[in-house]
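> Structure for the following, please:
(3 chains)
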Amino acid sequence: MTRIAIEDLAFRYPGAPSDTLSSLQLEICSGEAHALLGASGAGKTTLLNLLSGLLRPSSGRILFDGKDVSNLAPKLRNIAQVFQFPVLYDAMNVANNLAFPLRNFGFAPSDIESRVARIADELDLRSALDRKVSGLSLFEKQLVSVGKALIRPNVDVVLLDEPLTAVEPHRKWQLRQSLKRVQVDLGVTMIYVTHDQTEALTFADRVSVLTVDGILQTATPEAIYAEPSFEAVGSFVGSPGMDFVNVAGLSRVPSNLDASQKLGLRPEWVELCVPGDGMTAGVCDDIVVLGTAFGERVGIATVTTPAGTINVRTSGDVALGTQLGIRFKRAAVYRDTALVGSHEF
Amino acid sequence: MSFSRPYDNRAWLGVLPVLLLVAFSGVIPLMTVVNYSVQDILDFNSRYFVGLDWYRETLGDPRFLDAFIRQLGFSATILAIEIPLGLLVARGMPRPSTNRGLTTSLLLVLLAIPLLIPWNVVGTIWQIYARSDIGLLGVFVNALGISYNYASDPLHAWITLVAMDVWHWTSLVALLAFAGLTAINPAYYQAAELDGANAWQTFRYVELPKLKGVLIIAVLLRLMDSFMIYTEPFVLTGGGPGNATTFLSQYLTTMAVGQFDLGPAAAFSVIYFLFILLFCWLFYSSVVQKADA
Amino acid sequence: MLELRGVRLKEDAAAFDHVFNAGEICVVLGANLAGKTDLCRLVAGLPTQASLATAVLDGVDLVSQPTRVRSVALVTQAFVNYPNWTVAQNIGSPIHARTSSRTIRARRSAKTATAERVDELAQALGLSDLLARYPHELSGGEQQRVALARALAKDARVLLLDEPLVNLDYKLREALQGEFKTLLHDRGTIVVYTTSEPHEAFALGDQALLLRDGELLQADAPLEVYCRPNSLDAMDLMSQPRTNRVAIANGTAAVRPEHISLQAIDDAITYQLHVIATETNGSESFVHGSCDGADWVVRQSGITVLQTGETVPVYVRREDLLEFSA
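This is a model prediction of the structure:
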């Protein structure tokens, strides 16, 4: 239940030619589920290690509830961490794994028992308490790892480093849901690091998008998707990413937009129409079929127009090479790669 | 995994030399020994089948039993010292993730040195080293007030032998344990630290379980080798004083080479071989079975 | 054209035949351990538990050819490159292995030709700046592109890609998928691409080949397999998340998550969905719940949020409910 503040944080690996992280600012509220979303190489693991104390910052500060912890050892920071793969004590059973941190921090046996029971209930592990961890599936083991991280009631923050990596694909959503539910129930501040946008956008109250240029935006998942502050955020989030077209290249320019701006478009914000009717027109270069919906073929058509390439969500048959018009329903407006507003058509 | 169809059957010819070599140097001699163990061989041309007589005689021989008990005591002692000591040394060494470069490499080389010395040289080194008149160790110990002489006192002979074996072989355990420790993912240490574990708990709950495979190999190797030990004690004490340090291998050699009693010696060898096999199997299955349970 | 007959990927699996056509990308779709890697290794000539009766590539018997002679290139999921060679040397290695020239002049001209080809491929894959680096200095995506360039340099008749993107980042996967499409199409090469993600079958494949436990379930154009799966397993494989089951008299019926509507539609079957959780990733939402005891997932575009514990009516068109006998 702690507020985390990162002030002007910078870090450079010894011998590296440039900073991995520089001038980072971030505030995470108490009890918030926060996701750090970024591609590999953006520095998310570095930031996580700075938060956990494995690394010390080159400059700047990290504050837990106002207290400067930047140079404190991990043990003293009162945090817990969940790793990419289950990290458990193989020789012990589930109950002892969960109880281990509590015993080391001197909790009374009766308190330990009730806390273990509570966490096991939250994570649906009651039936597994007596089993040895080596006999569990990856999903169950990771669940125990999460339990072990949450077991101490006074932990300041729980750090999760891509925790779904090792879990079987069809069970990932279950672990995601368990994490979310337990985060809400216990009110623990959680920082979840991932490169998967689905994980970030479904889990978090707020998401920070991290690239080599730093934290580009911190906002709710809806805002990150619909109003990305920078073009880089727009193209990173969404599958496919946002398309950017030059206003100057459109056949019809609305009055309140000017030629120096760009419009950010998502496939569901545009639709196909007759070539003369829309904001622009172009040739369909590629179609990726997604499946069918209500008997009609659904896909994403890539249309090359004078203003730029646009991916359009289509239903029905669209032939390659045909001339198509594109009507815009809404767009995000950018000048010099930064968001200036949104536009409804 | 196998090829769906061998490309060239001539490959079998390539394996033939090795097969012949192993047959010649291993299988046939072993069969010969078993053959001799059931015969009374007076000289090259007169042999008589005696069945299991030699086996009965050997197992009833008091000197055999004494040597056997001494051997057991020796193996147990050195295992009890070398395994924990090797582990301790391995834990004390800086691991590559924290300290790249020279120190680790230097220490590894230093550790490897005792393993590279020919075994009879090891025996000779200690024989001189521990001498109470001119040996560095012998003189030193005597100067401390303890009247130490491995040539006349059985207990001193034992202690010197054990010390020599520990000096010689602990490095093997240390190197194996070190390799095992470097293979442990740092995340486990991190998690243990965050869980509030102290150094002992980290060792017991993180390192020991992960070193199980390595330790099994180390124990098996030392068990087998120490049970067969010959050169070093022979050079150091010659089996003395009296027969205080006469182990199985030496007794066997005396019988086979010195007295040329091929029949009993062969039976002895077979019994010896079976014992080693038995102990190793007992150890391995008890540890591995525990893991599976 | 690559013709395989009597392919047996696992001991107790039924043998199957398949023809791979030139200039086509065949996406082999299957779960973990379904036999995708075994199939690749079989064609490449690497040790595998799988076996086949005959394999004919362009009229030539493949099985009697030793591995190093076969005109087959392989890209695996673990980015495999020669660690002691630079990127340029890595890409050039298959060309180098192919040309053996006796005269100095021939060798020199072979060297220039190799360098040109390496430059060409590096440019196509965005590696021109990295030619002097070593594989361990590169990121995962870059290493995989080097592996791909090396495979393309071999100019083999068959190009096998065994889950090449599975160890890469989400966005990197998207980017490389796009690149694969342009690079691999219409080169006259036979391309076999294995994956466990159905959307890759749609994105890349001219043909989809569905494998389960070593057996061939269905092989056809992706949209065909999607619309007319011949079994419940085939339907499951082409669906992400899994299809929703409905128990019927003698067999099982199933409907895809994206074919369930939260809004009423004409001529539809109504089911009651007990909501457990909703998830959204910006463009789509997933509603997890249960219906008549079976676990269901509904996939909707846009953002939908339903309360946990709610029971809502959901609608399925009759044509979208596919029935399979037991």
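
> hey, let's count contacts and neighbours off CA atoms from now on
Noted.

> Tell me how many other residues crowd residue 249.
With no chain named, the answer covers chain A. Around A:G249 there are 16 other residues, counting by other C-alpha atoms under 10 Å in any protein chain shown.

> hm, I was asking about chain C
8.

> repeat for the one 10 residues further on
With neighbours defined by other C-alpha under 10 Å, the count for C:H259 comes to 22.

> what's the answer for the one 4 residues further on, then?
Under the neighbour criterion other C-alpha under 10 Å, C:Q263 is assigned a count of 9.

> What residues sit buried inside the stretch of helix or strand B:W158 belongs to?
Per DSSP states H and E: B:W158 is located in helix B:154-182. For helix B:154-182, burial by neighbour count (16 or more other C-alpha atoms under 10 Å in any protein chain shown) applies to B:154, B:156-158, B:160-162, B:164-166, B:168-178, B:180-181.

> likewise stretch C:257-268?
For stretch C:257-268, by 16+ other C-alpha under 10 Å, it's C:257-262, C:268.

> same check, this time on stretch C:52-64
Counting neighbours by 16+ other C-alpha under 10 Å, one finds that the buried residues in stretch C:52-64 are C:52, C:55, C:57, C:62-63.

> Kindly indicate which of those residues lies nearest chain B.
C:L52 (8.0 Å; C-alpha to the nearest C-alpha).

> Just the pLDDT at the closest one, thanks.
For C:L52, the model assigns a pLDDT of 88.

> Then A:L290?
For A:L290, pLDDT reads 85.

> go on, C:D186?
For C:D186, the pLDDT comes out at 61.

> ditto for the one 5 residues further on
Taken from the predicted model, the pLDDT recorded for C:V191 is 92.

> ok so, going back, distance from the chain centre to the following helix or strand past the helix holding B:W158, please.
As assigned by DSSP H and E, the chain's next helix or strand after helix B:154-182 is helix B:186-194. Relative to its parent chain, helix B:186-194 has a centroid offset of 35 Å by C-alpha atoms, centre = their mean, to the nearest Å.

> so after helix B:186-194, what's the next helix or strand?
Counting by DSSP H and E, what follows helix B:186-194 is helix B:199-202.

> What mean pLDDT does the helix or strand that that next one is followed by get?
The first helix or strand that comes after helix B:199-202 along the chain, using DSSP H and E, is helix B:208-210. For helix B:208-210, mean pLDDT is 92.

> Next, the buried residues of the helix or strand just after helix B:208-210.
Next in sequence after helix B:208-210, counting helices and strands by DSSP H and E, comes helix B:212-227. Going by neighbour count (16+ other C-alpha under 10 Å), the buried part of helix B:212-227 is B:212, B:214-215, B:218-220, B:222-223, B:226-227.

> Please state the mean pLDDT value computed over whichever helix or strand comes after helix B:212-227.
Downstream of helix B:212-227, the first helix or strand assigned by DSSP H and E is helix B:231-236. Confidence over helix B:231-236 (mean pLDDT, whole number) is 90.

> Contact residues of the stretch 51-200 of chain A facing chain B?
A:74-75, A:78-81, A:83, A:87-91, A:100-101, A:104-105 (C-alpha under 8 Å from any C-alpha of the partner chain).

> contacts for the helix or strand containing C:R299?
Using DSSP H and E, C:R299 maps to strand C:294-301. With C-alpha atoms under 8 Å, 6 or more residues apart in numbering or on different chains as the contact definition, strand C:294-301 has outside contacts at C:241-246, C:257-261, C:273, C:283-290.

> re the thing from before, from the buried residues of stretch C:52-64, pick the one nearest B:T103.
Closest approach between the buried residues of stretch C:52-64 and B:T103, by C-alpha to C-alpha: C:V63, at 53.3 Å.

> The closest one reaches C:A55, doesn't it?
Yes. Counting by C-alpha atoms under 8 Å, C:V63 touches C:A55, with 6.1 Å between them.

> Low-confidence stretches in chain C?
C:99-102, C:186, C:326 (pLDDT under 70).

> Next to chain B, which bits of it? Give me the list.
C:46-52, C:64, C:66.

> What parts of the stretch 201-345 of chain A come near chain C?
So far as C-alpha under 8 Å from any C-alpha goes, the stretch 201-345 of chain A lies against chain C at A:201-202, A:221-222, A:225-226, A:236, A:238, A:240, A:268, A:288-294.

> Just the ones of the residues you listed in helices?
A:201-202, A:221-222, A:225-226, A:236 (DSSP state H).

> And the residue of the stretch 51-200 of chain A that's closest to chain C?
A:T198 (4.8 Å).

> Am I right that that residue falls within a helix?
Yes. Membership of A:T198 in a helix is supported by DSSP: H, G, I helix; E, B strand; the rest coil.

> Give me the nearest residue to it, chain neighbours excluded.
Excluding the flanking residues, the one nearest A:T198 by C-alpha to C-alpha, 6 or more residues apart in numbering or on different chains is C:N281, at 4.8 Å.

> you'd agree the one you found is up against A:Q197?
Yes. Assessed by C-alpha under 8 Å, C:N281 is found in contact with A:Q197 at 6.9 Å.

> that's a strand at C:D38, yeah?
No. Counting by three-state DSSP, C:D38 falls outside a strand, being helix.

> what sits against it?
Applying C-alpha under 8 Å, 6+ apart, the residues contacting C:D38 are C:9, C:48-50.

> Regarding C:I265, what is its secondary structure?
What three-state DSSP gives for C:I265 is coil.

> Now do it against A:A166, distance only.
40 Å (C-alpha to C-alpha, to the nearest Å).

> swap in B:P94?
B:P94 is 30 Å from A:A166, by C-alpha to C-alpha.

> and if you look at C:A149?
Between C:A149 and A:A166 the computed distance is 29 Å (C-alpha to C-alpha).

> For those two, indicate the residue with more neighbours.
C:A149 (25 against 16).

> Who are the contact partners of that one?
Contacts for C:A149 (C-alpha under 8 Å, 6+ apart) come out as C:91, C:121-122, C:125.

> So which of these wins on neighbours?
Going by other C-alpha under 10 Å, C:I91 tops the contacts of C:A149 with 30 neighbours.

> where's the nearest residue to it once chain neighbours are set aside, which helix or strand?
Spatially, and ignoring its direct neighbours in sequence, C:I91 is nearest to C:R150 (4.3 Å; C-alpha to C-alpha, 6+ apart). For C:R150, the element it lies in under DSSP H and E is helix C:140-153.

> How much space separates B:W169 from chain A?
29 Å (C-alpha to the nearest C-alpha, to the nearest Å).

> Which residues are in contact with that residue?
Applying C-alpha under 8 Å, 6+ apart, the residues near B:W169 are B:82, B:114-115.

> quick one, strands of the stretch 1-150 of chain B?
B:39-41, B:47-49 (DSSP state E, counting those that start in this stretch).

> Would you format these as JSON lines with mean neighbour count, distance to chain A and mean pLDDT included?
Listed next are those as JSON lines, based on neighbours: other C-alpha atoms under 10 Å in any protein chain shown; distance: least, C-alpha to the nearest C-alpha, whole Å; pLDDT from 0 to 100:
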{"stretch": "strand B:39-41", "mean neighbour count": "20", "distance to chain A": "53", "mean pLDDT": "80"}
{"stretch": "strand B:47-49", "mean neighbour count": "13", "distance to chain A": "55", "mean pLDDT": "80"}
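
> nearest to C:Y170, of these?
Comparison of the strands of the stretch 1-150 of chain B against C:Y170 by C-alpha to C-alpha identifies strand B:39-41 as nearest, at 75.5 Å.

> Distance from the closest one to the middle of the chain?
The chain centre lies 32 Å from the centre of strand B:39-41; the measure is C-alpha atoms, centre = their mean.

> ok, now stretch C:116-129?
On C-alpha atoms, centre = their mean, the centre of stretch C:116-129 falls 25 Å from that of its chain.
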